[in-house]
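Peer 1: attaching a predicted model along with its sequence, questions to come.
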Amino acid sequence: MAYCPTLRTAVIMALCALPVLAHADVTVPAVSGAEAAATAPTGGSAPVTIGEVEKEAPPERGTGSLSKELVKHASPNENFQSVLRNVPGFTVISTGPGNLTTSDSTFTYQGFNSDQIGVNLDGVPLINTFRGGTNGQGDDHALTPIGMGQFSGVSVYSGANTPSETGINALGATLNYQPRMPTSKFYAEVSGSGGLYSGGVGDSAAGGFSVNSGALPYTGTKLYANYYYSPFHSFINHVFSTNNNYYFAVVQPYNHGMSQLSLITIYNHEIAQQPSTVPLPLLQKYGRSFQWAPNIWNDHTTTSSYTTILGWKSILNQNMLAKAKFFITQNKNDRTAYANAAYKNGYDGYPLPTALKSYANPSKAGRPSNTYNPTALFGSSYNGTQYQRYVDNFGNAGLMPSLIFLLPDNTVTLGGLYMFSKDHSAEYWYGQSAVPMINGYNDAWNEHDTRNYGDVFLQDRITLFNHRLIITPGVKYYLVDTTCNDSEGYYYNYGGSVSNTFNYWEPSFGVSFLATKNADLYFHYGRVYKVPNISAYYAVIGSTPAPGPMLVKPEYVDSIDTGIRYNFGDIKTSLAYFRRMFSNKFGYFYDNQTGQTFQYNVGSALYQGVTASADAKLPYHMNAFINYSLTDAKYTSNFDAADGASVSSGEYVGDVPMYNLNFGLGYHYAGFSARVTDHVVGSQYINTNKGAPAGVSLQPYNITNLNLGYAWRPGDMGVKKVTANLYVDNIFNANYIPYEYEQLRSAKYGGNFITAQASAPAFVGASVAAKF
């Protein structure tokens, strides 16, 4: 192979693997096959298409993105999920840099909960494979797998995707976070930020530094590292988080630039007081900042998240590109909840978030066989269960190899995944804060789970008529093996183990047609499965000496996306229709007395809607964007919910906003920038704690944010650039409820009530950064 400049340039482009997305802030890419071909390298030899393979945004379906600029200038209040609200269809519940949440679901996208969305970092799964989502599930309400300084952008692939891009559990979409990578020129940067909430409660601060080595002489090695410290006091009384985030990345080219090794390592440590939803009457009585005093109730947690990705890419010959990634993720959660036994009958007529136990004394029947005697040690079972320590440690290790065959009119990809996942979940009760963790003594449960994922996929990308017509068929075969092992404890009269194996095919087909130079039509169909959460397994253990059968089936979604992208000069527009057909849809219910979540199949449902967006460059150094998403989600079969309520076909699915609207106006000139954005979330029906529609709707709300910035290039003193930003979030101090559900309660104890998460008031903050 001749190492001519043209070929070398194409190889470097291929190894970068950064999708080209045409947008200002948030938009739908309008990159067509013809356009990519037109900009391919040319020279004395035939063009090489490797760069096109890795750099072109897939045109056969609707994709959205979060731009590097928007991530870089995010408010000090943001986290890796809250910034997603700028993408059409997203509603985000998590708050603050500590990624704090009161709900198992931290966001929704086109009606899909966070545990129904595949989340990747550089293509590698970040999710909890046993419960879904990156955090939130299993009371992991203060976990930060990715810090704001650790990614540069996000690609959002709506619905089912080509097999190489579809994430695990990606029923509604796949999010792929692009890691910050080293660049060719040296720089160092120090930064700091801070701000205050209105109302006198809460503040945010952060500080850190980053160093980029540039390309080192002789070896071409590039290194990047950063560290950020983020103490945060929520607008909610007594709620806080303290984050230490560490990041390192290195890229090593070799073989004359034809091959590359890369390493990405993340370690994030967090200490937090987790928030809880609050009975709505208490929020109305005491205000949005209400949370019980720590001597009445608190929920303290220490978490950590570790990720390492080792990547390899190599040009084997002019028709073959090989890739492989080895990865390890490990997440640890250690939470101790406290509830004062003096309030065992409630606070102001409503129960505390943590339920005290009346049954923790040794059982007269001998089942369970716990020997802990809280009455003897602390005077009563209630006193002896005031402290409830919960641990949830989960992680993945895996390998993702692939081969890409570059043929004249085809790009064929053969790849696969093997991943081993492990989870340890346990809870122990005691009457003092130093809770011992002793099986057979004070354990409510002690669970060890494993999951083995294996898949192999084949996909093709066929280009016809000078790249005007692109067809992308593909198929993936999955095999998932699960084992759940629970020890005897307060929730399990008997220990036991349950295991099974699921296997299934996920077909995919897409087509894109460049009707005119500026109009791109597309259609995509695909099917995606999600195996049952671990709650479906542990639910059949404990009642009898031998566990019962695990009867929950995988849920799956048949997805259709179709639409058009059209460019009017400097205005880029898109209009799309999506249709998601659920089968074996999961239902959930949460038992607040035991803290357990259970899962069952409820039948079928249909989610459908439209999205529209426009992004424009305007005169006078201005730009604007607007995007809108409308979602209609209804059950299409009858079923009986866990609370005994009958749900009929045609009823709305809960926790699905009916519409989202984002729009903004920006200005940038001579170092000065300004941006105002508005986010509107439509009404949504809510559920009961047992997963059935409650017949109550959450009101729509509107948030307006402002960002002013200035970049100064002094040109001396060794300082390349100084950047300052002012942020005002929720300018008009909107007081709204982003999430709530109906807690079922016997009439003799006061009846059902709504419990809710409060919204953040106005926040004013500033940041400054100096680059050397």
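Peer 2: Yep, it's here.

Peer 1: find the least confident helix or strand in this protein, judged by mean pLDDT.
Peer 2: Across the helices and strands of the chain, mean pLDDT, DSSP states H and E gives its lowest value to helix 33-38, namely a mean of 30.

Peer 1: now do the helices in the stretch 201-350 of the chain.
Peer 2: 280-286 (DSSP state H, counting those that start in this stretch).

Peer 1: then the stretch 51-200 of the chain?
Peer 2: Applying DSSP H, counting those that start in this stretch to the stretch 51-200 of the chain gives helices spanning 68-72.

Peer 1: give me the low-pLDDT residue ranges for it?
Peer 2: Applying pLDDT under 70 to the stretch 51-200 of the chain flags residues 51-63.

Peer 1: ok, residue 227 - how many residues close by?
Peer 2: By the measure other C-beta atoms under 10 Å, the count of residues near residue 227 is 16. No exception for glycine: its C-beta is placed from N, CA and C like everyone else's.

Peer 1: look up which residues are beta-bridged to it.
Peer 2: Counting by DSSP bridges, residue 227 is bridged to residue 209, residue 246.

Peer 1: now do the same contact list for it.
Peer 2: For residue 227, the contacting residues are 208-210, 244-247, by C-beta atoms under 8 Å, 6 or more residues apart in numbering.

Peer 1: can you add pLDDT and distance to residue 173 and give the residues you listed back as a markdown table?
Peer 2: Formatted as a markdown table, these follow (pLDDT from 0 to 100; distance: C-beta to C-beta, whole Å):
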| residue | pLDDT | distance to residue 173 |
| --- | --- | --- |
| 208 | 96 | 31 |
| 209 | 97 | 34 |
| 210 | 97 | 30 |
| 244 | 97 | 31 |
| 245 | 97 | 26 |
| 246 | 98 | 29 |
| 247 | 98 | 25 |
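
Peer 1: quick check, nearest of those residues to residue 539?
Peer 2: Nearest to residue 539 out of those is residue 245 (C-beta to C-beta; 36.4 Å).

Peer 1: for the closest one, which non-adjacent residue is spatially closest?
Peer 2: residue 147 (3.7 Å; C-beta to C-beta, 6 or more residues apart in numbering).

Peer 1: my read is that the one you found contacts residue 267, right?
Peer 2: No. Assessed by C-beta atoms under 8 Å, residue 147 is found out of contact with residue 267, at 9.9 Å.

Peer 1: and residue 231, how many neighbours does it have?
Peer 2: By other C-beta under 10 Å, 18 other residues sit near residue 231.

Peer 1: got the end-to-end distance for stretch 246-266?
Peer 2: Using C-alpha to C-alpha, to the nearest Å, the end-to-end distance of stretch 246-266 comes to 6 Å.

Peer 1: which parts of that stretch are buried?
Peer 2: Neighbour counts over stretch 246-266 (16 or more other C-beta atoms under 10 Å) mark 246-251, 253, 257-260, 262, 264-266 as buried.

Peer 1: what's the answer for stretch 430-439, then?
Peer 2: 430-431, 435.

Peer 1: give me the low-pLDDT residue ranges for the stretch 451-600 of the chain?
Peer 2: For the stretch 451-600 of the chain, the ranges with pLDDT under 70 are 590-596.

Peer 1: show me where it has strands.
Peer 2: All strands of the stretch 451-600 of the chain, identified by DSSP state E, counting those that start in this stretch, fall at 469-486, 496-514, 519-530, 555-568, 571-591, 596-618.

Peer 1: so what's the residue nearest to residue 245 up against?
Peer 2: Contacts of residue 147 by C-beta under 8 Å, 6+ apart are 80, 97, 228, 230, 243, 245, 247, 266, 268.

Peer 1: kindly reformat those as TSV containing distance to residue 378.
Peer 2: Supplementary listing: the contacts of residue 147 in TSV, determined by distance: C-beta to C-beta, whole Å:
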residue	distance to residue 378
80	41
97	38
228	42
230	38
243	35
245	39
247	45
266	42
268	36
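
Peer 1: of the residues you listed, buried ones?
Peer 2: 80, 97, 228, 230, 243, 245, 247, 266, 268.

Peer 1: closest one to residue 283 out of those residues, please.
Peer 2: Nearest to residue 283 among the buried ones among the contacts of residue 147, with distances taken as C-beta to C-beta, is residue 97, at 23.6 Å.

Peer 1: which one is that closest one nearest to, not counting chain neighbours?
Peer 2: residue 230 (4.5 Å).

Peer 1: show me what residue 562 is bridged to.
Peer 2: Judged by DSSP bridges, the bridge partners of residue 562 are residue 523, residue 577.

Peer 1: hmm, residue 638 is touching residue 650, no?
Peer 2: No. Using C-beta under 8 Å, residue 638 is not in contact with residue 650, being 9.4 Å away.

Peer 1: more neighbours: these two, which one.
Peer 2: More crowded of residue 638 and residue 650, by other C-beta under 10 Å: residue 638, with 13 against 10.

Peer 1: what's the more buried one in contact with, if anything?
Peer 2: By C-beta under 8 Å, 6+ apart, residue 638 lies in contact with 603, 646-649.
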